[in-house]
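> Show me how the following folds:
(one chain, ligands or ions: 1)
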Amino acid sequence: MHRAGLGGMGLKIVRFNGGHIGVTDGQKLVDVTDLCGSAQEWPPVAMNRLIRDFDAVKPQLDDALRTGAGLLLASVHLETPVPWPNKLVAFPVNYHDHATEMDSRGLANIQGYFLKANSSLSGAHDPIELPDLPGREIHHECELAVIIGKEGRQILAENAMDYVFGYACLLDITIRGKEERVMRKSYDSFTPVGPWIVTADEVPDPADIEMRLWVGDALRQAANTRDLIVNIPEMIAITSSASTLYPGDIIATGTPAGVGLIRDGDVVTIEIANVGRMAVPVVAGQRGHNIVFDKPYAFQRATQ
Ligand code: MN
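All right, here's what the predicted structure looks like:
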């Protein structure tokens, strides 16, 4: 909701209708693309620029939301908020209950992180396209996305929250198997993020964030960030110890127990308290076949 006149309050920032950037109160949406770039630019880095320059631009964003004529949020096509991050980082096995269900000892505090292809990013209104891999299990993973706000290297955990720009809902879609994890998780549309980015000040306590995921009406996953094995500041410290973090980088923080199959026609709904909710349809695609997956499926525990 918009709290006019209070100042310093958070914002919801969306990308929509072919690369436009907007601010929204959840109902009204005001196009602010001109403040940070062009919808036509390639590569599409207007959101990265907006995140980098946010402190300077914030008064104009607040003013736009208060006074702009605006559109109805419900009338636009929501796209992935940061389509061209420098990195899409993901932490494996970061909840003990998920480690138990996968019979995995590869916990995030032992394995560290992996990367997903940036091109796997999709938005709240984009369907998850299942590759044509007969007999393969493709699973949902419910995750909180942390969006990095400023450049940093070797960030200390005690300072790490200063580098968080905001949060979003994220689905880490995964083909189960023993093949290279990056390949199993990097198909186009395998990382829906949205419906927007909420700025960090909208989330009262990042160490106490509730999240849930349903397939259809069935609740499949429920968790709280208090149960993370590697918490958010530690994830930023680990990642930035190896690589410089940049504005717009995304960290997928790991999934709790309850991962499971998604099929053609399903709708996967993720809801994260004080962050947002999105319902993403699943469709069967006709692409994605290759010789790597052209062998009998054997579910391998101790992988993820
Ligand atoms: Mn995951």
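> Flag the shaky bits of the stretch 151-300 of the chain, pLDDT-wise.
Within the stretch 151-300 of the chain, the stretches with pLDDT under 70 are 297-300.
> Looking at it, which residue is nearest the ion?
Of all residues in the stretch 151-300 of the chain, residue 172 sits closest to the ion, at 3.5 Å by CB to the ion. For glycine as for every other residue, the C-beta is placed from the backbone atoms N, C-alpha and C.
> Skipping adjacent residues, who's closest to that residue in space?
In space, and not counting its chain neighbours, residue 172 is closest to residue 141: 4.0 Å by CB to CB, 6 or more residues apart in numbering.
> who touches residue 191 in this structure?
Each residue near residue 191 by CB atoms under 8 Å, 6 or more residues apart in numbering is listed here: 80, 88, 116, 120, 121, 122, 170, 171, 172, 173, 185, 252.
> what sits opposite it in the beta ladder?
Per DSSP bridges, the residues bridged to residue 191 are residue 121.
> on that earlier part again, residues contacting the residue of the stretch 151-300 of the chain closest to the ion?
Per CB under 8 Å, 6+ apart, neighbours of residue 172: 90, 116, 141, 143, 185, 190, 191, 252, 255.
> if we can go back for a sec, which of the contacts of residue 191 ranks first by neighbour count?
In terms of neighbours by other CB atoms under 10 Å, the contacts of residue 191 top out with residue 170 at 30 neighbours.
> got the contact list for that one?
Shown in contact with residue 170 (CB under 8 Å, 6+ apart): 143, 144, 145, 191, 192, 193, 250, 252, 270.
> List the neighbours of stretch 45-60 that are in contact with it.
Contacts to stretch 45-60, defined as CB under 8 Å, 6+ apart, come from residues 11, 13, 15, 19, 21, 32-33, 35-39, 81-86, 147-150, 165, 199, 246-248.
> and it, which residues are buried?
Within stretch 45-60, the residues that count as buried by 16 or more other CB atoms under 10 Å are 45, 46, 47, 48, 49, 50, 51, 52, 54, 57.
> nearest to residue 129, of the residues you listed?
residue 47 (23.0 Å; CB to CB).
> hang on, the closest one in a strand?
No - assessed with DSSP: H, G, I helix; E, B strand; the rest coil, residue 47 is helix; it does not lie in a strand.
> Against residue 263, how distant is it?
According to CB to CB, to the nearest Å, residue 47 and residue 263 sit 32 Å apart.
> Same check on residue 197?
Distance, residue 197 to residue 263, by CB to CB: 29 Å.
> Would you mind telling me which of those two has more residues around it?
More crowded of residue 197 and residue 263, by other CB under 10 Å: residue 197, with 29 against 10.
> tell me how far the helix or strand the more buried one falls within is from the chain's mean position?
Secondary structure from DSSP states H and E places residue 197 in strand 191-199. Relative to its chain's centre, strand 191-199 lies at 6 Å (CA atoms, centre = their mean, to the nearest Å).
> Is that strand in proximity to the ion?
No - using CB under 5 Å from the ion, strand 191-199 never reaches the ion; the gap is at least 9.6 Å.
> C-alpha coordinates for that strand, CSV please?
Extracted as CSV, the C-alpha positions of strand 191-199 are listed here (Å, rounded to 0.1, in the frame of the first residue of the first chain):
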residue,chain,number,x,y,z
THR,A,191,13.8,-19.0,-12.9
PRO,A,192,10.5,-17.0,-12.6
VAL,A,193,11.1,-13.9,-10.4
GLY,A,194,8.5,-11.4,-9.4
PRO,A,195,5.9,-10.1,-9.3
TRP,A,196,8.1,-7.1,-8.5
ILE,A,197,11.1,-6.1,-6.3
VAL,A,198,10.1,-4.8,-2.9
THR,A,199,12.8,-2.5,-1.5
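> Show me what secondary structure element comes after that strand.
Once the chain leaves strand 191-199, the next helix or strand it forms, by DSSP H and E, is strand 210-215.
> mind listing what's buried in the next helix or strand after that next one?
Using DSSP H and E, the helix or strand that follows strand 210-215 towards the C-terminus is strand 218-224. Neighbour-count burial for strand 218-224 flags 220, 221, 223 (criterion: 16+ other CB under 10 Å).
> Around the ion, pick out the residues from the stretch 201-304 of the chain.
Neighbours of the ion within the stretch 201-304 of the chain, by CB under 5 Å from the ion: residue 255.
> At which residues are the helices of the stretch 201-304 of the chain located?
For the stretch 201-304 of the chain, applying DSSP state H, counting those that start in this stretch gives helices covering 232-242.
> most residues in a single helix of the chain, which one?
Taking DSSP state H as the criterion, the chain has its longest helix at helix 54-67.
> could you check the angle strand 191-199 makes with that helix?
80 degrees (axes from the mean of the first three to the mean of the last three CA atoms, to 10 degrees).
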